[in-house]
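Asks: Predicted coordinates and the sequence they were generated for:
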Amino acid sequence: RFHSKKIMLEADSSRVKQVLHNVITNAIKYNKPKGKVTIETKNQDQYIEVKVSDTGIGIPDEDMGRIFERFYRVDKARSSTKGGTGLGLAIAKEIMELHNGEIWLTSTLNQGTTVTMYFPKKLSS
């Protein structure tokens, strides 16, 4: 199902697209076969909340503190089969910070991951 509703945001559109691309690509890449990816948005007064959830492999607790580091890969053995550089979430975090936004994730091993992003509606001067 897909429901479309316009939400206005003052931001660098190419960078916001890059954040969403990186997060959604990870949700698809690290999902289980026939898994589900859900994208939810909430239009708040000062910000837009976007949540991307998957039913995938999840992230071990011991890796959670490093997940936004450049080149960090949770499972080095799997990196050769899944591809990627380990930069996607690090870049997403940097872009969110440049927009005065926030990004974090919650995850349960073998159950899935949710990445939550807060995009301020107005760029601060």
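Replies: In hand now; what should we look at? All figures in this text were calculated on a predicted structure; none of them were measured in a lab.

Asks: what does the average pLDDT come to for the longest helix seen in the chain?
Replies: Looking across the chain with DSSP state H, the single longest helix is helix 13-29. The average of the pLDDT scores along helix 13-29 is 92.

Asks: which parts of it are buried?
Replies: Buried residues in helix 13-29, counted by 16 or more other Cβ atoms under 10 Å: R15, V16, V19, L20, N22, V23, I24, N26, A27. The way it works is simple: take the backbone N, C-alpha and C, and place the C-beta from them, glycine included.

Asks: Please list all residues in contact with K42.
Replies: Listed by Cβ atoms under 8 Å, 6 or more residues apart in numbering, the contact set of K42 reads I48, E49.

Asks: Give me the distance between it and I67.
Replies: K42 sits 23 Å away from I67, going by Cβ to Cβ, to the nearest Å.

Asks: Repeat that for K36.
Replies: 21 Å.

Asks: and what of P33?
Replies: From P33 to I67 the distance is 23 Å (Cβ to Cβ).

Asks: So between the two, which is more surrounded?
Replies: Ranked by neighbour count (other Cβ atoms under 10 Å), P33 and I67 place I67 first, with 19 against 4.
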